[in-house]
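K.L.:
pasting a predicted model and its sequence here:
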Amino acid sequence: MREKSLKKPALLIASAMAMALTMAVAEKAQAAGEKEKCYGVAKAGKNDCVTANGSCAGSSKKDAQTDAYLILPKGTCDKIVGASLSPKNG
């Protein structure tokens with residue numbers, strides 16, 4: 001009889017942990033969807049990744065390089081003067 005009473009709390013704890021893990025994964029996936037590339041705002045050497053002339057993060061050669069981007073929260077890029085949601089030539 002005692003064995004049954006010990007299994008119930010363990011099952012509840014395991015269920016709570018599984019639920020917490022599921023919620024954390026779902027929250028992270030949602031947050032990932034709320035980001036966007038913002039071009040022309042990175043300082044030299046501080047871009048997030050890939051430009052027309054480089055393939056690694058930190059490869060931009062000048063401030064506000066128009067083909068270098070930062071990953072920002074969705075909607076932020078539209079608030080920055082000179083920023084663009086797509087790369088520009090030059």
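P.N.:
Arrived safely. Residues are numbered from 1 along each chain as shown.
K.L.:
show me the shaky parts of the chain.
P.N.:
For the chain, the stretches flagged by pLDDT under 70 are 1-6, 12, 14-32, 50-55, 90.
K.L.:
go again with 90.
P.N.:
Low-confidence segments of the chain (pLDDT under 90): 1-33, 45-61, 67-68, 88-90.
K.L.:
walk me through the domains of it.
P.N.:
1-33, 35-90 (automatic domain parsing).
K.L.:
those strands in the protein, which residues are they?
P.N.:
In the chain, the strands defined using DSSP state E lie at 35-39, 69-73.
K.L.:
could these be laid out in JSON lines, adding distance to residue 9?
P.N.:
Glycine gets a C-beta too; all of them are placed from N, C-alpha and C. As requested, the strands of the chain are exported to JSON lines (distance: least, Cβ to Cβ, whole Å):
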{"stretch": "strand 35-39", "distance to residue 9": "40"}
{"stretch": "strand 69-73", "distance to residue 9": "41"}
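K.L.:
residue contacts, residue 34?
P.N.:
73-74 (Cβ atoms under 8 Å, 6 or more residues apart in numbering).
K.L.:
could you do residue 49 as well?
P.N.:
56-57, 69.
K.L.:
residue 43 now?
P.N.:
Residue 43 makes contacts with 60, 63, as judged by Cβ under 8 Å, 6+ apart.
K.L.:
then residue 45?
P.N.:
58-61.
K.L.:
hmm, back to that, can you add mean neighbour count and give the strands of the chain back as a markdown table?
P.N.:
Shown next, in a markdown table, are these (neighbours: other Cβ atoms under 10 Å):
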| stretch | mean neighbour count |
| --- | --- |
| strand 35-39 | 18 |
| strand 69-73 | 18 |
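K.L.:
just to check, residue 57 is in contact with residue 69?
P.N.:
No - Residue 57 is beyond contact range of residue 69, at 10.3 Å (criterion: Cβ atoms under 8 Å).
K.L.:
appreciated, that's everything.
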